[in-house]
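> next input, structure requested:
(2 chains)
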Amino acid sequence: MNVPESIESQNELLAGYVLGDLSPEESAAVEQQLQDDPDLAAEVEQLQATMSLMALETPAVAPPPGLRDRILAQVTEPIPSPTKVSDPAIRGNILPFRFGARELLTGAAAIALALLGISNFQMQQRLASVEQEFAEYQDAIALLQQPQNRLLSIQSVSDTMSSEGMGSLVIAPEQDAAILTLQNLEMPPEGMVYRMWAFVDGEKVDCTDFVPDASGQVFLQVPLEGWEGANSVVINIESAGSQEPETAEMVLTGESL
Amino acid sequence: MVRAEQDDLAIFDALRGGNSEALQILYDRYGEAVYRLALRMLKNPTDAEDITQEVFLSFWRRGSYDPQRGSLLVVLLVMTRSLALNRLRKVQSQRNLIQHCTHHVSAEIHHSWLETLSVSELSQQVHQAISQLPAAQQQVLQLAYFEGMSQTDIAQQLNIPLGTVKTRNRQGLLKLRQLLSGLVEVS
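Numbers count the residues shown, from 1 in each chain, chains lettered A, B, ... in the order given. Now for the predicted structure:
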């Protein structure tokens, strides 16, 4: 493709690039120019910012007041629990990713599209992100490959939930960690979280608090703090901050296979 | 201690250090913008709340952000739109949304008006700018941005040639870019 002669047609091309209406050949040509010319790259950033600012054309509506608290409740530290796992820093360490078959397929689709020569800015960004995630999966896979691992199958025992959560817990004693994978889980009511307890020698040990993502999935790495010998776990819905037994509702149980 | 008047980069640094106060400030600053976009696209407050929560928590959990790639507001809006489009298309991928936020933070810092004006001040400017576009350009831009419609879909729906959609879209974006130059250009 020829480099456009006028600034007008150059700008049109960049606008088309940001809007995603270029042919694969045109896209590739723009990509090439962007790599060579930082001014053009800056122009593309500004066009993208312009497009994003269209979001502010929407009427002013404040989000519901409870939403802020709900979001913050998930990142602020819970009140220290009476069990030995009391330091919030060593409670459940939420892995910076979650995955499901559908998402892996999305990644595969991105790679396939790239191989077909459909090259554009967004796609490259997505590929970079997929590659980074793949590196992260490898850590999880290494953990899952340990020979001493034990698997607990987790099933719903709730009568009140409309959807039945299920999944598994892999305890990897050599790695001092466990991986909890659940799907089809409802969002807990406001101010509540899921809390997992392990049973070790008749004693109940607090493992971690968590909530599912918007699609009902959980993928969580939890440090093994005194419950590596657990043969069963329960998962309750409990009040986010405190541990009052009367508010707990058992929704899932896990048993060794 | 994170103060509300700190710029995006300072807030992002605090956020990366696991400071939940920073998330609070970020939410107070941009929560409304994220919620409004999600509400406009999904037309349902429950879905809009879900998306807003997902955007901020994703950013909290794996936030890496390159200030060279635009302000935090833009990054959050890009994430919101991707998530909302996924939901509109019934592809519940949690994955795609983080596409613009996986770069390393660069040492080079720049400031723009985007960081210094409030969402309501920015909204006012955006309203004013969009109202200066010809109605036909506004219409195609809105269908593409909020409804996620392809140019072909827009051409069919409005019963106009594809080439016309393309021209209106591009011209509209370029005009808007000009009208908003004070906001999007980096000083």
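> and the residue nearest the centre of chain B, what element?
Centroid check for chain B by CA atoms, centre = their mean gives B:Leu77 as the closest residue, at 2.1 Å. Per DSSP states H and E, B:Leu77 falls inside helix B:72-88.
> what are the ranges of the strands in chain A?
A:150-156, A:166-172, A:177-183, A:192-200, A:203-210, A:218-223, A:232-239, A:249-256 (DSSP state E).
> which of these has the lowest mean pLDDT?
Here the lowest mean pLDDT among these goes to strand A:218-223, at a mean of 81.
> who are the packing partners of that strand?
Other helices and strands packing on strand A:218-223, by 3 or more CB pairs under 8 Å, 6 or more residues apart in numbering or on different chains; DSSP states H and E, are strand A:177-183, strand A:203-210. C-beta here means a position set from N, CA and C on the backbone, and glycine is covered the same way.
> Serialize those strands to TSV and add fields for mean neighbour count.
Formatted as TSV, those follow (neighbours: other CB atoms under 10 Å in any protein chain shown):
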stretch	mean neighbour count
strand A:177-183	21
strand A:203-210	21
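> just put the ones you listed in TSV and tack on distance to B:Arg36.
Below are these laid out as TSV (distance: least, CB to CB, whole Å):
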stretch	distance to B:Arg36
strand A:177-183	31
strand A:203-210	29
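> with just CA atoms, put stretch A:197-208 into PDB.
Presented in PDB, the C-alpha positions along stretch A:197-208 are these (Å, rounded to 0.1, in the frame of the first residue of the first chain):
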ATOM      1  CA  TRP A 197     -12.900 -24.000  56.500                       C
ATOM      2  CA  ALA A 198     -10.800 -27.100  56.700                       C
ATOM      3  CA  PHE A 199     -11.200 -29.900  59.200                       C
ATOM      4  CA  VAL A 200      -7.900 -31.200  60.600                       C
ATOM      5  CA  ASP A 201      -7.900 -33.600  63.600                       C
ATOM      6  CA  GLY A 202     -11.400 -32.500  64.600                       C
ATOM      7  CA  GLU A 203     -10.400 -28.900  64.600                       C
ATOM      8  CA  LYS A 204     -11.800 -26.300  62.200                       C
ATOM      9  CA  VAL A 205      -9.200 -24.100  60.500                       C
ATOM     10  CA  ASP A 206     -10.000 -20.900  58.600                       C
ATOM     11  CA  CYS A 207      -8.500 -21.100  55.200                       C
ATOM     12  CA  THR A 208      -9.600 -18.100  53.200                       C
END
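> which helix or which strand is home to B:Lys175?
B:Lys175 belongs to helix B:162-179 when assigned by DSSP H and E.
> give the buried residues for that helix.
Neighbour counts using 16 or more other CB atoms under 10 Å in any protein chain shown place B:165-177, B:179 of helix B:162-179 among the buried residues.
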